[in-house]
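> The sequence isn't on hand, but the structure is:
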């Protein structure tokens with residue numbers, strides 16, 4: 001079993017600027033040690049002859065046809081929004097210097 005020490009957990013927490021209680025440090029120590037043990041077991045699996053994958057999807061999945069279909073009524077959708085103009089939803093600004 002790969003073991004992560006409490007000091008390592010506290011060091012990682014300090015780097016991540018996290019304040020952890022002693023109980024949280026112990027819980028993370030157990031969880032991370034378990035994860036590392038699992039990863040070590042995976043590293044020992046013989047993958048000789050197994051082709052590397054770049055994605056879990058193989059690229060031959062059945063997809064629906066791309067067809068034009070009726071959409072939702074704009075006025076009805078906008079009327080359900082707390083803030084909107086006649087064409088768009090209005091949302092609070094989140095970027096510095098935005099006035100919206």
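Received the coordinates, thanks. Since the model is a prediction, treat every value here as computed from it, not as a measurement.
> Now do the helices in this structure.
Secondary structure of the chain (DSSP state H): helices at 6-15, 22-43, 74-79.
> Same list (these) but as CSV, adding distance to residue 95 and mean neighbour count.
In this view, the C-beta of every residue, glycine as well, is placed from N, C-alpha and C. Shown next, in CSV, are those (distance: least, C-beta to C-beta, whole Å; neighbours: other C-beta atoms under 10 Å):
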stretch, distance to residue 95, mean neighbour count
helix 6-15, 28, 13
helix 22-43, 34, 13
helix 74-79, 23, 11
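> Ok, which of those comes nearest residue 60?
For residue 60, the closest of the helices of the chain is helix 22-43, at 26.9 Å, according to C-beta to C-beta.
> Give me the contacts around the closest one.
1, 2, 3, 4, 5, 6, 9, 10, 13, 20 (C-beta atoms under 8 Å, 6 or more residues apart in numbering).
> Let me know the angle separating that helix from helix 6-15.
Inter-element angle recorded for helix 22-43 and helix 6-15: 100 degrees (by axes from the mean of the first three to the mean of the last three C-alpha atoms, to 10 degrees).
> Give me the average confidence score over helix 22-43.
Helix 22-43 shows a mean pLDDT of 94.
> how far out from the middle of the chain is that helix?
20 Å (C-alpha atoms, centre = their mean, to the nearest Å).
> Ok, stretch 82-91 next?
Here stretch 82-91 is found 29 Å from its chain centre; the criterion is C-alpha atoms, centre = their mean.
> that older thread, can I get the helices of the chain in JSON lines including distance to residue 85?
Shown next, in JSON lines, are the helices of the chain (distance: least, C-beta to C-beta, whole Å):
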{"stretch": "helix 6-15", "distance to residue 85": "46"}
{"stretch": "helix 22-43", "distance to residue 85": "47"}
{"stretch": "helix 74-79", "distance to residue 85": "8"}
